[in-house]
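Trainee: pasting a predicted model and its sequence here:
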Amino acid sequence: MSLQIGIVGLPNVGKTTLFNALTKAGAAVANYPFTTIEPNIGIAAVTDHRLDRLTAIIQPVRTVPAAIQFVDIAGLVKGAHQGEGLGNQFLGHIRNVDAVAVIVRCFEDENVAHVHEGALDPLDDVDVLDLELVLADLAVLERRIEKVKGLAKAQPRAVEAELAALSELQCHLETGRLASTWTGRDRAAEYLEAVALVTDKPRMYVANVGEEDLPDGGLLVPPVAARAAAEECHFIILCAQLEADLIDWDPDEAVAYRAEVGLAISGLEALVSSAYATLDLITFFTTTGEEEVRAWPVPRGTAAPQAAGRVHTDMERGFIRAEVLNFDELDRLGSIAAARERGLVRIEGREYIVQDGDICHFRFNV
C-alpha cells in the first residue's frame, strides 16, 4: 500500500495546483472556491538516485519506485463544521492518511480571491483551518463517546479506561487545541487509533509562494516557519504554480530553470523529503533477478520480518532469514556477484533491523 499524504487548506491556497504538479493528474483547478467537490487522489513516484543506479547495474525488465498517494480534498472555510461551504463532509477521506500537508497561502495576487475575511494573513488562515479540523474531530470523538457509553451499560469495567481517556481528550479539543498536543496521547494510543482524528496526524507545513519570492519565500513566510518550528513540524517553501508550469518541460530544462530561481530540487522532491522526515521513513530495495527492482518505504526501526511483510504477507508469516547487501557496497563494486565473492551479502535473522539502502532478499516458507 502506498504512503498516503492528505493535502488540506483553505480554498484558493494552491492545493489542487500543487496536487496536479505532484501527480500530473490534471485535476480541475480554477479561481473560485470549491473547485474540488470530490477528493482528488493521485499517485506520485518517489525519485531516488539509488534506484536509478540499481536499475543501471541489474538492468531489470521492470523498475518500480516507492510511491506516495496524495489525497486532495475540498478547501475548508470558517464554519465548515456547521455545513458552511462544502462542510467537513470530505474529511473522512483523509482520516486514514499517514500524514497531513497543510498548504498555506504566502503569495499576494489580486487575481486570486482570498476567501477568508480581511487581508491575507497566513497565520490567521492556519488558525481558521485548525479550528475547523478540531471541531470536525470533536464531532467524531463525541460520536465515539456515545457509542462507548452504550457499551458501558453492559460492560462498565471493560470500557472504563477508554471512556475516561476519550472524555479527557474531549475537554482538550473543546479548548481549540489539536489532538496531537494532548498529553495523554501515549497512554490512549489504542483508543485514538479507533477514531482516526485528523488533528492527531503527523503534519508538515507547505508555504506556497509566488515565483518572484523564491527561494526564500518573501515576507509572509517567516511567521509560518516559526509556527512550524514551535510545533516541531517540518516546513518547506515551494511555488505550486511554477511546479505545475514545469510539468511539460524537458527535464533538463526544468532543472536548469529551477537553478536560475535558486532551487536545488523540485517541489515533489522537497515534499517527499519532508514526508519521509515527518514519518521517520527509510527505503529498502528488493530485486528478483533481472525481472524487477523495487523500492519500499518503511518506518525506521522496522525488523526484517515486518519489512518482508511489506512485500507480501506470506513472507512475514513464513519468514526464515534475509540476505542483505547495502546499496553503498553494491554501488562501489558494481554487481551483486562481486559483492557475494567478497562476502558482503549478509545473512540476517528475525531480530535484524532493516537499514536505509538495504537490498534484501527474503527467504520464507509458504
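Mentor: Looks like it came in fine. Residues are numbered from 1 along each chain as shown.
Trainee: what residues of the strand or helix carrying Val128 count as buried?
Mentor: For Val128, the element it lies in under DSSP states H and E is helix 122-152. With burial defined by 16 or more other Cβ atoms under 10 Å, the residues of helix 122-152 counted as buried are 122, 125-126, 128-138, 140-141, 144-145, 148. Any C-beta I mention is one placed from the backbone N, CA and C, and that applies to glycine too.
Trainee: which strands or helices does it pack on?
Mentor: strand 99-105, helix 156-174, helix 189-195, helix 221-230 (3 or more Cβ pairs under 8 Å, 6 or more residues apart in numbering; DSSP states H and E).
Trainee: what pLDDT, on average, does that helix get?
Mentor: Per-residue pLDDT over helix 122-152 has a mean of 92.
Trainee: okay, the angle between it and helix 156-174?
Mentor: With axes from the mean of the first three to the mean of the last three Cα atoms, to 10 degrees defining the directions, helix 122-152 sits at 160 degrees from helix 156-174.
Trainee: from here on, call the first residue 830.
Mentor: All set: I'll call the first residue 830, so the last point we hit is now helix 951-981.
Trainee: looking at the helices and strands packed on helix 951-981, which is nearest to Leu1162?
Mentor: strand 928-934 (36.4 Å; Cβ to Cβ).
Trainee: what lies in contact with the closest one?
Mentor: Residues from elsewhere that reach strand 928-934 (Cβ atoms under 8 Å, 6 or more residues apart in numbering): 833-839, 841-844, 847, 923, 943, 949, 951, 954-955, 958, 1027, 1030-1037, 1053, 1069, 1100, 1103-1104, 1107-1108.
Trainee: switch the cut-off to 7 Å
Mentor: Strand 928-934 has contacts (Cβ atoms under 7 Å, 6 or more residues apart in numbering) with 834-838, 842-844, 847, 923, 949, 951, 954-955, 958, 1027, 1030-1037, 1053, 1100, 1104, 1107-1108.
Trainee: and if you look at stretch 1121-1130?
Mentor: In this structure, residues lying in contact with stretch 1121-1130 by Cβ under 7 Å, 6+ apart are 832, 875, 877, 880, 883-884, 887, 889-895, 1108-1116, 1136, 1139-1140, 1182-1183.
Trainee: list the buried residues of that stretch.
Mentor: When neighbours are counted by 16+ other Cβ under 10 Å, the buried residues of stretch 1121-1130 are found to be Val1122, Arg1123, Ala1124, Trp1125, Pro1126, Val1127.
Trainee: one more: stretch 1037-1052?
Mentor: Buried, per 16+ other Cβ under 10 Å, within stretch 1037-1052: Asn1037, Val1038, Gly1039, Asp1042, Leu1043, Gly1046, Gly1047, Leu1049, Val1050, Pro1052.
Trainee: as CSV, the residues you listed with distance to Phe1191 would be great.
Mentor: CSV is the format used below for the buried residues of stretch 1037-1052 (distance: Cβ to Cβ, whole Å):
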residue, distance to Phe1191
Asn1037, 41
Val1038, 44
Gly1039, 48
Asp1042, 48
Leu1043, 44
Gly1046, 44
Gly1047, 49
Leu1049, 49
Val1050, 45
Pro1052, 48
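Trainee: filter the residues you listed down to the ones in strands?
Mentor: When the buried residues of stretch 1037-1052 are checked against strands (DSSP state E), the matches are Asn1037.
Trainee: and the furthest pair within the buried residues of stretch 1037-1052?
Mentor: Spatially, the most separated pair among the buried residues of stretch 1037-1052 is Leu1043 and Pro1052, at 18.2 Å (Cβ to Cβ).
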